[in-house]
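J.: For reference, the sequence and a predicted model appear below.
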Amino acid sequence: MASNLSLEDVARRLDQAGIAWAVFAGAAASAYGATRPLTDVDILIASTDGERVATLFPKGEVRQREDGSVHIVQLPGFDLVAGLAWHQADATYVFDLDDAMAARLQRHEIAGVPAPVIPPEDNILFKAIAGRGPEVGKHDWEDVQAMMAHLPALDWEYLRWRAEAGGSGRRVQQALARLEALRSGMESGEWRMENGD
């Protein structure tokens, strides 16, 4: 008998425990227009819920922050992430499942299961800031382009607010500038998906 959990199993445990959660990263990008095959499902939970989630999945591999708090619970095919933070010399940017994000969650079918998905603006900003490429097995900017091409009516006021609310700094400003340039190129018709950037 396989010990791997399905998304339905993971969702049931989280819902029964009353823990807010949402799909993000690559699986969310697929809900918003990216066409790459799904290899896993990343689930965002509030940073304060890490310990509770770890107890729900005792067979998961737990990764901790420097302060000892639970950061990620890894299961076959799933990463349950209790908030994220990028640190730079000039700033820290925090990406967490807060009230503003929770109020904008959308439901999409992921791996055959109806699931809450973070807002497209949050996922686009997350991937633009992360900026990981094929050299580490990621496709962040490719996913950003696909989502923006698929969703032309994004809430840019909310996206900018989210960038500011999470923290400022050079990395965030560079991500915003790149997103604005891509938006301008799409609106003017000077950008096409095959351009690759």
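T.: Here it is on my side, so go on. Numbering: from 1, shown residues only.
J.: which residues in this protein form helices?
T.: Assigned by DSSP state H, the helices in the chain fall at 7-16, 25-31, 50-56, 99-102, 120-130, 140-150, 156-166, 170-188.
J.: Now do the first one: everything it contacts.
T.: Taking C-beta atoms under 8 Å, 6 or more residues apart in numbering as the criterion, the residues outside helix 7-16 that touch it are 21, 41, 43, 45, 53, 56-57, 75, 78, 80, 110-113, 115. C-betas here are computed from N, CA, C, even on glycine.
J.: ok, so what distance separates residue 147 from residue 14?
T.: Between residue 147 and residue 14 the computed distance is 25 Å (C-beta to C-beta, to the nearest Å).
J.: So what touches the helix or strand bottoming out on mean pLDDT in the chain?
T.: Sorting the helices and strands of the chain by mean pLDDT, DSSP states H and E puts strand 84-88 at the bottom, at a mean of 82. Residues outside strand 84-88 that contact it (C-beta under 8 Å, 6+ apart) are 44, 92, 93, 94, 95, 96, 126, 129, 130, 169, 170, 171.
J.: just for the protein, where's the confidence low?
T.: Residue ranges of the chain with pLDDT under 70: 1-3, 90, 168, 190-197.
J.: same thing but 50
T.: Across the chain, the ranges flagged by pLDDT under 50 are 1-2, 194-197.
J.: Perfect, that will be all.
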